[in-house]
Every structure is written in structure tokens, then in C-alpha cells.
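Asks: model this:
(chains A and B)
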Number of protein chains: 2
Amino acid sequence: MSHLQAIRVGLLGFGVVGSGTWNVLRRNSNEIARRAGRRIEIVRIATRTISKATNVVGDSVPVTSDLMEVVRDPSIDIVVELIGGTNLAKDIVIEALKNGKHVVTANKALLAHHGNEIFKIASENKVMVAFEAAVAGGIPIIKSVREGLTANRIQSVAGIINGTSNFILSEMREKGLAFEEVLKEAQRLGYAEADPTFDIEGVDVAHKLSILASIAFGVPIQFDRVFSEGITQIEQEDVVQAERLGYRLKLLGIATRRENGIELRVHPTLIPNSKMLANVNGAMNAVMVRGDAVGETLFYGPGAGSEPTASAVVADIVDVTRLHTADPEHRVPHLAFQPDALEDYKILPIEEAQTGYYLRMTVKDQKGVLADVSRIFADHGISINSMIQDNKGNNLASLVFLIHQTIEASMQRAIQQIEALDSVQNAVKLIRLETLE
Amino acid sequence: MSHLQAIRVGLLGFGVVGSGTWNVLRRNSNEIARRAGRRIEIVRIATRTISKATNVVGDSVPVTSDLMEVVRDPSIDIVVELIGGTNLAKDIVIEALKNGKHVVTANKALLAHHGNEIFKIASENKVMVAFEAAVAGGIPIIKSVREGLTANRIQSVAGIINGTSNFILSEMREKGLAFEEVLKEAQRLGYAEADPTFDIEGVDVAHKLSILASIAFGVPIQFDRVFSEGITQIEQEDVVQAERLGYRLKLLGIATRRENGIELRVHPTLIPNSKMLANVNGAMNAVMVRGDAVGETLFYGPGAGSEPTASAVVADIVDVTRLHTADPEHRVPHLAFQPDALEDYKILPIEEAQTGYYLRMTVKDQKGVLADVSRIFADHGISINSMIQDNKGNNLASLVFLIHQTIEASMQRAIQQIEALDSVQNAVKLIRLETLE
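Replies: Sure, this is the predicted structure:
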């Protein structure tokens, strides 16, 4: 292995993941070289806060604040983009590709918005863009779907792929606390950012789901077609009722192949508590993938954090190292399918989605209410799986229904009629439900 | 993608996995070609029972009973070995390699016994041997460890990698039945073979563990150094006591890196029922991998069966298809580490293993017994985690101890002394325990 030159890496960004990448490459350099067949060296670093980097790397590697300088350095083989964001990162990555550099990135927002364009430019320049760290942190889910399950017609992907929201839902269940309380605790512990919008509103999950769906089904990345609903409306009572019925509440990213198109949706979901996904707690991530040959598979691990994410970044560097001088024909296509073999399946609007439901409503505790509600379900061809009625005092009762898989549009029409009943107080709370079978 | 010639595959064996491979390649041929960039065609089949194959494939492909004929066919690029066994399979695989064919195999026994030699011959002939299907069926665990976790110094691998034994243990727990009853049921259902020795005595797990350990730690395959104990001695009472203490009984293959070497052991194991591995039920498989950068990961799916195993076989064919004309330097090393970078870490004997324990003993229900037993533990520096005492009638009591991690040799010496006590009836039942932390 000694006859091969070291691979020269330029590192952009020295935050949580950047410093983790530096540390892992340093600490495990021998182990990694034994696998890769050559040494991997970070030869330049660019970051806004130079002192933060030099405090760690000393004068062993030059550190600059000029990203473009690194991207255009002719001695560099691989650029690792860990600065985040979509504007500057896009310019930088494209410039790197045009300069003949391979790019490794952890930037899901960048790929969700500009991935199709970036992969096209990479192909034109005969270089690779590797992005294992962009989805589910340290879990090698991109590689598993893209290379490990190539025999399959993938039927569905369902993932817990945002650690912050999973931490919040886990804490709500375990400690019986309200959403706002747990969010504050998460922020204090560093599990949630000061502005948690992307995490708790499902945007981050939608970014990752759009990438996963593309490599699962062979479609272009279509972030703007993902239906997305966050966890801010989840109440403690919903968590408790779900448990009582044998289900657990998780924020899932779901991509499902249907006869007439593909569903792409992010929302809080009741899942049976016997499923592996239901047992993914705290900030951990997991992705369930169902293929027609393999059946059900699941990939579990830490979805964020310094070294777990660096683990994926470095694995990508090793992959690129192996293939960087190979004919592009020998490489795995960026989106799993050959670029000329991507198909434009229809992405179904949420109204056409087929899923189960949990409905909770407060009604007047009087005769005939259950009959009225049941008749509305029947009129729309909606089938009830189970029901719980609780007396709430003040002549009010709480009704919780679990509804078998039905078309979302029918469900929405039924809810409109139910809410119009005199006996029904307030709005009907709707949470979707998946059996994952 | 149309300019590339179809890859020509010779299929050896047309049993459960062979026919599954045929079916998957047929049914998903378009999907697979969209990924691989070229078509994959089975052009010849060799099997003992020609009629069984021709019933399925008709006259679309020539079927022979002469394996060597296929292996030497100059028009064939990839030989898929699914005949099983170690003698004939070895000759056939080596002949294929010497004829310049790449080989895809699902044969764990072959690799456990002859893998080092086979990979050497493959390298000399500049061809690949792919074996994803040899461990954990449809789960892409070889790829995940070998390519997805290359950044890590792997610390441990712990897997439920035999579906038959996991099915039996799951049924014992869920239905409260004895081992022998469940084994018979498993045989009736086809989950266990007429001669179940390899599955229930841990031999099959040991085969797979020796392969996993090699790619995790960068050591040669060393099947003969694996300590192996099966599940035939597990009694219903152990299953119940384990549950009562918050643990579940699983047959695990465990490979752990220690300062002075590597532990390779297969045995029934108590694991905390909150762990993901504890929730792997029926014939499903899962492998937990812990790396210094990524932390805890887990890979779950069906470990056997026609199409799940075919899923792994076909994924290997696609991998080989991509790289079959590439410079060997561009390929992933067979055992994850470069052949000249394998190390000869010591494989520790079971006496040096460090693990927790579950001990169950029947004692006379009289004063001083617990004190005697506890003193023996203390004398050997053994620390008790928890204890349950049950009155069994007839002046007898059952004692169950959970013991913190200790050296196996100390534990064995303590048990000898305990068994020598007058008050202790019969032998002490020992089952190992892992917290998996």
C-alpha cells in the first residue's frame, strides 16, 4: 500500500463536524490507512474563526478564512464542505467541482435544494459528490440503500431522522412533560438550537427525506413536493392516549411507492410500540426500508453529533479515495440510478395519501353523539379500528378513534362534517398512523 | 447506459437461494439495470436436479449438472456459488477464480474454513469474491462494516445472526414452551432443519462471527478460535427469570476488542430488554456494531430465506459488475483491510473473557447458605449486581444471581467452590450477560 500517494483533503468549516472530522482522521489515521491503502491528509483548512481551528491543529496545517483559496488549490484532491447553509455553500461546491475536485458534504439543505444541479455539474466534470453524512449522521443509510439494496424494488422508507424532535417526543413520553417544557430542556442541553424551527417543524426531516426518496425510487430530488408537519401541536394527552392504545408517537419521514405515484410526507405518526422504530429513543435515528426482495430492514444509530457525523464524512473520503482515479463508469451513481435512468414519477399531493389516523375530539356527553360521528365515517367509507370514550366532567367527553388506512381527502371531508356537529367542541385533533407492515 | 455489454452470470445451485436469485434478477431486471448501468443476465445454470431448474427457467437458459463446465465457460464474467458445503464448493470456487471469474457466494462455512486461502487466490488472479449473503442474509452488514464504518476503530460487534435459534428463543418466551417442543415446531414450520445441530449449537453463528470479526478488526478469519455454546441447555425457568430481572435471552455472536487481544464468543446471553437487540424477534437478525467515532449502530433485517438472501447475492453481483474491469486498486479489499495490513492480534481464550453472568442454583433452604455463596464470590473479587431467592418447597430454594463483569476464569473457580458446598444441589446454571454499553 505504500506506493500510493497520500490523498490531500481541504477542509471547509471547523465547527462541530469539522473538528470531529479532524479528530477522527488524526486519531485513527493508521486504522484508516490500513483500509484505504493510502494515507489521508488534511492539508488545508478554511474557516471563519481561524483561531478556533489553530487552537486545535496548531501550525501543522495552514488555516485561512478564504474558502475559494482552498477550493482552487491545485494540490488538493478532495474538498470537504462542512460550512452549512445553501448560498455560499452552493457557490463553493460548484467551484470545487469545476476545479476538478471531488466533494464530500454533510449539507442536506444544500442537496435538498440544489442537489440535482450539483450532481449534474459533478458528472460533467467527472468528479464525485459524496454525502453520507447528510442523512442520519453516522448511520451508513445512503450506502445501504444505494448499494446494499440494489436488487430491490424499494416499496417504502420510513425514518426517524431528526434527533432533536425524537428527543423531545421521547422526553414527553418518559417524563410526562409538555412540548414547550421539553423544548426548553433540549435547548439547555444543546439538543435543540436557539431557533429550533427546522427541527421541530419537520423541515430538516423533509430535506433528508427528499434525498432518501431519490435514491430509493430513482427520481430527481424534489424537496418542494414534500408535505411537512412538525411536532409543535403534540399534546401530552395525545402521547398518553397513543400509549394506551399500544402505539408510540414519532416524527417520521415517509416515502411510499403507490401505483399512481410516490407519497412524500413528514408528520407526527402513531406506530405500533412493538415495532423496532418505536423503540428508537432520545436523539438516536433509525430508518426502516422495505424492499420487495429483502422485506423489512432497519438501520439505527446516532443521527448527529461531532464524531458520529465525522464517521460518515470520513467513510465518504475513503470511498472517494478508492475511486478518485477510476473511470466514472466504475463509480456508484450519485442518486443510486444512472443519471439518464431517473424517472419522473408523480409526487402525490397529501390529499391523495393513504394512511391510518388517530382522531381526538371533545364532545357533549349526551345520547346520539357517537352515532352521529360514526355515521359520518360510514358515509365516507371510513372504517374504525378502535375507539376510547372518557368522561371529562362538565358534561363533556373525550372520544379517541383509530381509523384504518384511508384516503386523506375523505378523512378531511369527514372531519369538516364532524366539526360542524353541534355536539362537537373545538377542532378535531388529527395525527396520522402507520402500521409499518 | 446502453453502450455497455450485459454482464454474464453462471449460477451454481438452484435451491432456495438459487431460485430466489433467478426470480429477483428476472422480476427487477429493469430496476437493477437502471442502477447498474447495464443488464445482468444469468446465461448458464448448474445444479444436481436439472428438472427442478428447468421447471422454472424453461429453455431460456441452458441447465447442466456439470459445475466445472460453467466455471470454465469463457463467456461467463461472474460465477454465483450457491451449492453450499465446504469441499466441492472450495474446488469450484478456486477453479472459477483461476479461470479469471469473479465469484459471488452465500457460503459462510466455506469462508469460515477456507476464506483466507480463497481471498489470496482471488487477489493473485485479480478478481473479486463477494459474500454479503454469507452473514445475516438480506442485511447489508458486510458492506456497512467494511465501507460504511471505515473511519472507526471498531470496538465490538454483537449479533443475532441465526434465525432458527432466535425463533426458538422468541417462541420459548412468548408461549412459555420448553426448548424441545419449540424445536419440533420450528422443524415443522421449516425454520429448523431435520438436523439442526449447526443452528442450535452455535456453529453457524461462529462461522458468521469469524467473518465479521475479520472485517471489523483487520485480522485473518479464525473460525477455530471461536468459543461456541448453543441454546440446547436453556430452560423455560431461565427465560422467565431473565424477564423478571429486566433481561432477555438471545444467542449472540460477540467479538470484542480488548487491550490484550480479541474475544470471539458465541453463547446464550442475557441482554437488557430496553436494548434494540432485545426486541429482535422470531427469525429476524440484527447486528450491533460499536465504533469509537460513530458509537452504537444496529443493522436489522431478515437473516435467511429465499429472496432476502437473494437480495444480498444480487447486490454483490451489481457491485462486481461496477468494478469488474477496474484496477484492483480501486476495489474494496475482501476483508476490509488491505491484505498486507491484516494484523495477527491474539484471539483470547474463553477463560480470559470479560463478561457479566446469570447464575441459577438450587440450595437447601437453611441458614448460612447465602452467606457461604456470597463469601466465595467475595473471595474471588466477584461483585453481585442483584439476587432473587425463591422458595421451591421440599426445603429447597432457588437462588439467581446477576454478576457484574468479571473474568471468566474467576467465575469458573468460584462456581467450582459453590458446587462443592453441601447445601448446593446439582450444578450451577451459568448464562453470560452483556449490558451492551
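Asks: all contacts plus neighbour counts: C-alpha atoms, from now on.
Replies: Noted.
Asks: quick one: contacts for A:Val428?
Replies: Going by CA atoms under 8 Å, 6 or more residues apart in numbering or on different chains, A:Val428 touches A:Leu359, A:Arg360, A:Met361, A:Thr362, A:Ile415, A:Ile418, A:Glu419.
Asks: Looking at the residues you listed, which are in helices?
Replies: A:Ile415, A:Ile418, A:Glu419 (DSSP state H).
Asks: Within range of chain B, give me the residues from the stretch 301-437 of chain A.
Replies: A:301-302, A:307-312, A:314-315, A:318-319, A:322-323, A:326-327, A:329-333, A:336-338, A:340-342 (CA under 8 Å from any CA of the partner chain).
Asks: Just the buried ones among the residues you listed, please.
Replies: By neighbour count, with 16 or more other CA atoms under 10 Å in any protein chain shown, those hold A:301-302, A:307-312, A:314-315, A:318-319, A:322-323, A:326, A:329-333, A:336-338, A:341-342 as buried.
Asks: quick one: A:Thr355 and A:Leu402 touch, right?
Replies: No - between A:Thr355 and A:Leu402 there is no contact under CA atoms under 8 Å: 11.1 Å.
Asks: between those two, which one's more packed in?
Replies: Per other CA atoms under 10 Å in any protein chain shown, whichever of A:Thr355 and A:Leu402 has more neighbours is A:Leu402, with 22 against 17.
Asks: nearest spatial neighbour of the more buried one, skipping sequence neighbours?
Replies: A:Tyr358 (4.7 Å; CA to CA, 6 or more residues apart in numbering or on different chains).
Asks: likewise A:Ala341?
Replies: B:Arg34 (5.5 Å).
Asks: Quick one: neighbours of the one you found, just the number.
Replies: B:Arg34: 22 neighbours (other CA under 10 Å).
Asks: Past the strand or helix carrying it, which element shows up next along the chain?
Replies: Using DSSP states H and E, B:Arg34 sits in helix B:29-36. Sequence-wise, the next helix or strand downstream of helix B:29-36 (DSSP H and E) is strand B:40-46.
Asks: For that following strand, enumerate its sheet partners and note whether each is parallel or antiparallel.
Replies: Partners of strand B:40-46 in the sheet, by DSSP bridges, are strand B:7-12 (parallel), strand B:63-64 (parallel).
Asks: quick check: angle from it to helix B:29-36?
Replies: Strand B:40-46 and helix B:29-36 are oriented at 120 degrees to each other (axes from the mean of the first three to the mean of the last three CA atoms, to 10 degrees).
Asks: quick check: mean pLDDT across strand B:40-46?
Replies: For strand B:40-46, the mean per-residue pLDDT is 98.
Asks: continuing past that strand, what's the next helix or strand?
Replies: Per DSSP H and E, the first helix or strand lying C-terminal to strand B:40-46 is helix B:50-57.
Asks: What helices and strands are in contact with that next one?
Replies: For helix B:50-57, the contact count by 3 or more CA pairs under 8 Å, 6 or more residues apart in numbering or on different chains; DSSP states H and E identifies strand B:63-64 as packing neighbours.
Asks: what's the spacing between the helix or strand just after the strand it packs on and its chain's center?
Replies: Later in the chain than strand B:63-64, the nearest helix or strand by DSSP H and E is helix B:67-71. Relative to the mean C-alpha coordinate of its chain, helix B:67-71 is positioned 29 Å out (CA atoms, centre = their mean, to the nearest Å).
Asks: Partner strands of the next helix or strand after helix B:67-71, with direction?
Replies: Note on helix B:67-71: by DSSP H and E, the next helix or strand toward the C-terminus is strand B:78-81. Note on strand B:78-81: by DSSP bridges, its sheet partners are strand B:7-12 (parallel), strand B:102-105 (parallel).
Asks: just so I know, which of the ones you listed lies nearest A:Val239?
Replies: Within the strands paired with strand B:78-81, the stretch nearest A:Val239 is strand B:102-105; the backing value is 47.2 Å (CA to CA).
Asks: what's in contact with the closest one?
Replies: B:77-82, B:93, B:96-97, B:127-134, B:313, B:316-317, B:320, B:324.
Asks: can you check stretch A:182-191 too?
Replies: With CA under 8 Å, 6+ apart, stretch A:182-191 has contacts from A:Gly163, A:Thr164, A:Phe167, A:Ile168, A:Glu171, A:Met172, A:Ala192, A:Glu193, A:Ala194, A:Ala283.
Asks: what subset of those is also close to chain B?
Replies: Among the contacts of stretch A:182-191, no residue is within reach of chain B (CA under 8 Å from any CA).
Asks: filter those residues to the buried ones?
Replies: Buried members of the contacts of stretch A:182-191, scored by 16+ other CA under 10 Å, are A:Gly163, A:Thr164, A:Phe167, A:Ile168, A:Glu171, A:Met172, A:Ala192, A:Glu193, A:Ala283.
Asks: Taking the stretch 1-150 of chain A, what residue is nearest to chain B?
Replies: Taking CA to the nearest CA, chain B has its nearest neighbour within the stretch 1-150 of chain A at A:Arg35, 4.1 Å off.
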